[in-house]
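>>> the following block contains a protein sequence and its predicted model.
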Amino acid sequence: MLKGDLRKQAIVDTAEELFFEKGYAGATIQDFLDRLNCSKGSFYHHYESKLQVLTELCRQKAEKSFAAFREKVYEENLDRLNGLVYYAMPFRDGEENTLALLLPLIGLSDGRVVLDAMLDAQKKLFFPEMEKLLEYLRAKGEFHYSQALLPELLWDSYTAVYLRLMEEAAFIRQGGGPGGVTLLIEAERFMWERLLDAPFGCMELIRADEALRVISHAISRLKHLEQADT
């Protein structure tokens, strides 16, 4: 890796540390400079803003999630399809810090930029694999659909549920109830099974109890950050 690339990656690695320690809003460019022992010119040579660094961090997190999915061994392709959606979602065990980073951005313009960048990276990585799995399962007679655009529509549905779950997590953070998370996940499972004409109960996608646990841990982390700032 070239020296410039090493510096660029060091900025992203530092961003992960700072954002988890201080939150996105609390971390300043000066914090980056102090932690990296670099000049302002060096920082801006690689990134235009703190938002651009966060966007790159989230893109890399999408790559790591896809790598984790590819490393997992599945005995059946249906399990692999469920695993694909599971690893794409940031509502699984181990993603508490990622969720804690994203939650304060929900409803903000910066937050939508970051989420759109993450979803775009996910589609480039996960969607081609999803298309192949759907076609394989259809060829085996486990799924029954003829519409060529169905995989694309299913991915659009995944994107919509992803964003709705983020909103529900933000709602829970504000003191709301958790029921919306369970309803969304159940509705998504039902829709996939009906559109694919698949056996009832075959799509798991992501478990509601795990998603709620991760949301709870992320909110607890945010409360700890808020208390540390007071």
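Perfect, thanks for sending it. Everything numeric here is computed off the predicted structure, so don't read it as measured data. Numbering: from 1, shown residues only.

>>> helices and strands around the longest helix along the chain, which ones?
With DSSP state H setting the assignment, residue counts place helix 109-139 as the longest helix in the chain. On a contact count with 3 or more CB pairs under 8 Å, 6 or more residues apart in numbering; DSSP states H and E, helix 109-139 meets helix 50-71, helix 77-88, helix 96-102, helix 150-173. Every residue, glycine included, has its C-beta placed from N, CA and C.

>>> format those helices as a markdown table; extra columns: distance to Glu135 and mean pLDDT.
Below are the helices and strands packed on helix 109-139 laid out as a markdown table (distance: least, CB to CB, whole Å; pLDDT from 0 to 100):
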| stretch | distance to Glu135 | mean pLDDT |
| --- | --- | --- |
| helix 50-71 | 18 | 94 |
| helix 77-88 | 10 | 95 |
| helix 96-102 | 31 | 91 |
| helix 150-173 | 8 | 95 |
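
>>> number of nearby residues for Glu76?
By the criterion of other CB atoms under 10 Å, Glu76 has 10 neighbours.

>>> report the separation between Thr182 and Glu210.
From Thr182 across to Glu210, the span is 11 Å (CB to CB, to the nearest Å).

>>> hang on, the earlier thing: for the longest helix of the chain, what is the average pLDDT?
On average, the pLDDT along helix 109-139 is 94.

>>> likewise stretch 6-23?
Stretch 6-23 carries an average pLDDT of 90.

>>> next, the buried residues of it.
For stretch 6-23, burial by neighbour count (16 or more other CB atoms under 10 Å) applies to 7-8, 11-12, 14-16, 18-20, 23.

>>> please apply the same query to stretch 167-176.
For stretch 167-176, burial by neighbour count (16+ other CB under 10 Å) applies to 168-170, 172-173.

>>> now do stretch 106-121
Neighbour-count burial for stretch 106-121 [16+ other CB under 10 Å]: 106, 110-111, 113-115, 117-119, 121.

>>> if we can go back for a sec, the longest helix of the chain vs helix 50-71, what angle?
With axes from the mean of the first three to the mean of the last three CA atoms, to 10 degrees defining the directions, helix 109-139 sits at 20 degrees from helix 50-71.

>>> list the contacts for Glu210?
91-93 (CB atoms under 8 Å, 6 or more residues apart in numbering).

>>> want to throw these into a markdown table with pLDDT and distance to Val53?
Listed next are the contacts of Glu210 as a markdown table, based on pLDDT from 0 to 100; distance: CB to CB, whole Å:
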| residue | pLDDT | distance to Val53 |
| --- | --- | --- |
| Phe91 | 95 | 24 |
| Arg92 | 94 | 24 |
| Asp93 | 94 | 26 |
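
>>> with adjacent residues omitted, what lies nearest to the residue nearest the centre of the chain?
Centroid-nearest residue in the chain: Pro90, 4.0 Å away (criterion: CA atoms, centre = their mean). The spatially closest residue to Pro90, leaving aside those adjacent along the chain, is Thr98, at 4.9 Å (CB to CB, 6 or more residues apart in numbering).

>>> what about stretch 133-146, how long is it end to end?
Across stretch 133-146, the terminal residues are separated by 15 Å (CA to CA, to the nearest Å).

>>> what's in contact with it?
77-78, 80-81, 84, 150-151, 154, 195-199, 202.

>>> please pick the buried ones from those residues.
78, 80-81, 84, 150-151, 154, 196, 198, 202.

>>> what's the closest of those residues to Glu129?
In terms of CB to CB, no member of those lies closer to Glu129 than Leu84, at 6.1 Å.

>>> shouldn't the closest one be in contact with Met130?
Yes. The criterion here is CB atoms under 8 Å, and Leu84 meets it with Met130 at 5.7 Å.
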